[in-house]
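**Student:** give the three-dimensional model of this entry:
(chains A and B)
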Amino acid sequence: MIAKGDLTGINVSRKASGIKPTGEPIRVLIVDDSMFVTKQITQILSSEGFVVAATAADGKEGLDKYKELYPDIDLVTMDITMPNMDGVTALEKIMEFDKNAKVIMVSALGKQDLVKKSLLLGAKNYIVKPLDRVKVLERISSVLK
Amino acid sequence: MSDYLDPNNEELLNDFFEEAAIQIEQLEQNILVLENDATDKDCIDELFRAAHTLKGAAATVAITELAELTHALEDVLDGIREGRQSVTRPVVDALLVAVDVIKSMVECRMEGSVYEDQGVEELKTKLHNLTGGTEAGLSAPPVVSSQTAAAADDAAPEPALDEDEWEELLELLEGDQKLYQVRVFFDESALMNTIGGIQVYAALKNEGTILKTTPDFEALNEDVFYPDVFYFVASSAGRDEIMDLVSITDVTTGAQISELNEEAFEHFRSAHTEAAAAPVQKQENKAPAASEAAPEAAASEAKQKPKTETDADKKNKKQSQSSILRVDSKKIDSLLNMISESVINKSTINQVSDVYHQLIGDFRSLNSKMETEVTALLDTMDDYSAVDGTDKEVLDQLRRFRERCAELFDSYDHFEDKFKKNADDLKNSTQKLALNTSSLQEGIMQIRMVPISTLFARFPRLVRDLSHSLSKKTDLILEGEDTELDKSIVEDLLDPLIHCVRNSLDHGLESAEERAAAGKPETGTVVMRAGNEGSMIVIEVSDDGAGIDAEKVRQKAVEKGLIASDAVLSEQEVHNLIFMPGFSTSDTVSSISGRGVGLDVVRTQIEKLKGTIQVNSRKGAGTSFIIRLPLTLAIIQGLLIRSAGSKFVIPINSVIDSHRILKEEIKLIEGKEVFKIRDELIYILRLNRIFGLPELSEKKDGAYEYMVIVGNEERKMGLIVDSLLGEEDVVIKPLKDKYSKTFGMAGATILGDGSVSLIIDVQQLLERIHSFASESDFAVAEERR
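**Tutor:** Coordinates of the predicted model:
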């Protein structure tokens, strides 16, 4: 028999990046207008023990969900180009609401200037589409360290 | 590309396909917009974005053929965006062909195969040649520009400062802050490697004040890669903390941190006073490098700018994307099914409630009858008891009996009050329930509604291609694209609409010369308009072409033997001839319309959707097809009739009229029953016979028959039924399995009283009318059943 605690131990030793040292999963909000990208990120993160707490299809919804979930949210992935409210604006509003928010931008190639703007506004890192599992996890863990 | 992707991950693939469809549609639409206005920057950006997204997604799901083609497409678009490529007909054609191939590629993949056609390589070459063979900006990360900026020297653990600058910076320090020189080295192989400079800047900013960077902040903001950057930071953090901040996986490769304190400054000053020329020299060395990089950066910025999307751009997006939840339509159907059950339950409860009220009435009259009877009985007993000095005991008994009766009456009254109150409550709740269920039903119906724009969106391309192949100039105007209709209708409406539009372009619109001669603008106009009209959707396809030549149509119809040469027909009736099977006025059969399968197919399809189609035309002024459809197919208004003891529903939209006719007025022509109504002979079908049901022996009106005339203006027939029961909204439930092909049945429904009733498929009956109308042919019908 393996006790639940042992399993957690195993997970920690495997360094699943989605688990906090406390053994709780890291809760993520995915903001992306592409269902496809949302699913990809979800798959990558879930496989590492992260919990996708919510998803949002545009910046406005993302902002609302963040406020709703706060403080029970550890990380946000934010697409840049979205309808209603773009990712940079949403980031700005989230940072206004919670200056410690950990937001990672998700950008298509070629949006360097917007990524730079986001980083200066408080985004912790960025991920480039098309998504690559290793890079995604690398960049996310660099934010969480 | 990514190791986590399971090629059998159907869910992900399905998402890809769905989104690919959207991107393809955007590509197509925007190419058409571009053709009309080559300067529409938003549209070019949108095109580029769509192609780019599609390329990326295709690469992710390892659909390489698609990724490669979209890449070639993207190059052309990039050329257009940068003004290297003009938007000419051949370019637009090539783009559209590419979109078509992309479509086919996606379709193939959806079917599990891979698109293979030698033409693809050719197409790619063609696209490539369009770009003049120049590689477009985004095809490779912008490493090129980094070469010049990379000229910075490697051997500089020394401060990249001159004395004055250093002194200035030292003065800016506050409190326990220390001045650090942080030299960070960046990973050139990272995607979008030009961001690193700013990323480190942003990271350092959190732990202190950045006093200066080399290259400066403006330069870092340009789209240029610098292999290393100096940051001068005033911070109270320790060296290790700073090191942590600037060590970013996948971005930086290393850093050198030195504290620039007073001591070091003094050392530096003394060491450099004599060799003051050296740092100056270095500055000079750097200067040309910087100025060299500047034009690059400027050009690069110009390249990047058009891609960025501002809020305004997004608002202008051709497709406004509100927050949309994707739900399997089966779930909605099952919801609808459940709510239909509730509607039926509601009717049942309603009836129960009515029965309660009726029972109260009955109870009341029974009660009063009993009271009267008992009172009368007591009175009689009184009479007897009063006769001769009756036993006192008997009298007492009688009095007590009387008292108990009074009590009993009271308790009955009490019960009646309670009963009535409850029945009233039930009635109220039932009414509320009725209200709720109907709004619930409406709400669920609403979910199934989609804007007709999803359908209309296909037409600009179609009209463009047709116009080109017919050498006609055509403007397509779309109106009322927001009009919503049931998704299941939308899917089946495409073909009929395509047919109408083709008809308008091919037969309706004249050639440019003819139009000029007729004093019309050379460019013809086709309008597709959608709107609501009561519970119906009206879709109109109209053109400003030559209109229907009634004489020509008439001749043709006579030639084809569709009408007698001496038939007297109104103009409208002549127009309606174009819907006759086998009718086509085009002298030569073209590939566009008139391939023998004419507008009759359109009408059949529309009628299958429980709709009607009508044509209006004025010679010389144009033609319009008007299609009327029910909002939804799930609920119809039905005429409830009874035949041979069973209830049937006839969809009300195919009911023209109903009559009570004298039996003797039914005549036999060639063994078929007909009835003459307003100078028109119509065939008669007896519903019970079609379905092989026994004739009812006794009928109320012996001399009369009830006849429902069904069909449309061109084809109609009379259905003989036993009685008409009224109209009712019915929810169509499809017949399942072996019953699904039952002749003459469109489905079934559950009526308010809970009984099941079959819905008659009028179209099918009309199609077979000739084989059924004859008495002798009923055997055939029996067999078919």
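
**Student:** burial count for B:S511?
**Tutor:** 14 (other Cβ atoms under 10 Å in any protein chain shown). Where C-beta positions appear, they are placed from N, C-alpha and C, glycine not excepted.

**Student:** who's in contact with the closest residue in space to it that isn't next to it in sequence?
**Tutor:** Nearest non-adjacent residue to B:S511, counting by Cβ to Cβ, 6 or more residues apart in numbering or on different chains: B:K472, 6.2 Å away. For B:K472, the contacting residues are B:505, B:509-512, B:524, by Cβ atoms under 8 Å, 6 or more residues apart in numbering or on different chains.

**Student:** how does it look with 10 Å?
**Tutor:** By Cβ atoms under 10 Å, 6 or more residues apart in numbering or on different chains, B:K472 lies in contact with B:463, B:466, B:505-506, B:508-512, B:514-515, B:522-524, B:545.

**Student:** likewise B:I682?
**Tutor:** B:656, B:673-676, B:707, B:709-711, B:715-718, B:769, B:773.

**Student:** do that again at 6 Å, thanks
**Tutor:** B:I682 is in contact with B:675, B:716-718, counting by Cβ atoms under 6 Å, 6 or more residues apart in numbering or on different chains.

**Student:** please, where are all the helices along the stretch 201-350 of chain B?
**Tutor:** Assigned by DSSP state H, counting those that start in this stretch, the stretch 201-350 of chain B shows helices spanning B:217-221, B:239-246, B:262-273, B:277-304, B:311-316, B:329-385.

**Student:** what's the answer for chain A, then?
**Tutor:** Listed in chain order, the helices of chain A (DSSP state H) span A:4-13, A:35-46, A:59-69, A:87-97, A:112-121, A:133-144.

**Student:** taking the contacts of B:I682, tell me the two that lie furthest apart.
**Tutor:** B:F675 and B:K716 (10.9 Å; Cβ to Cβ).

**Student:** re earlier: filter the contacts of B:I682 down to the ones in strands?
**Tutor:** Among these, the members found in strands (DSSP state E) are B:675, B:716-718.

**Student:** okay, now the unreliable bits of chain A?
**Tutor:** A:1-16 (pLDDT under 70).

**Student:** near chain B, which residues of it are found?
**Tutor:** A:35-36, A:39, A:57, A:61, A:81, A:83, A:110, A:112, A:115-116, A:119-120, A:128-130, A:132-133, A:138, A:142 (Cβ under 6 Å from any Cβ of the partner chain).

**Student:** among those, name the buried ones.
**Tutor:** Neighbour-count burial within the residues of chain A next to chain B applies to A:35-36, A:39, A:57, A:61, A:81, A:83, A:110, A:112, A:115-116, A:119, A:128-130, A:132-133, A:138, A:142; the criterion is 16 or more other Cβ atoms under 10 Å in any protein chain shown.

**Student:** pretty sure B:L639 sits against B:I650.
**Tutor:** Yes - under the criterion of Cβ atoms under 6 Å, B:L639 makes contact with B:I650 at 4.6 Å.

**Student:** for the stretch 401-550 of chain B, give me the ranges with low pLDDT.
**Tutor:** B:534-535.

**Student:** just among the contacts of B:I682, which is most surrounded?
**Tutor:** Going by other Cβ under 10 Å, B:G718 tops these with 27 neighbours.
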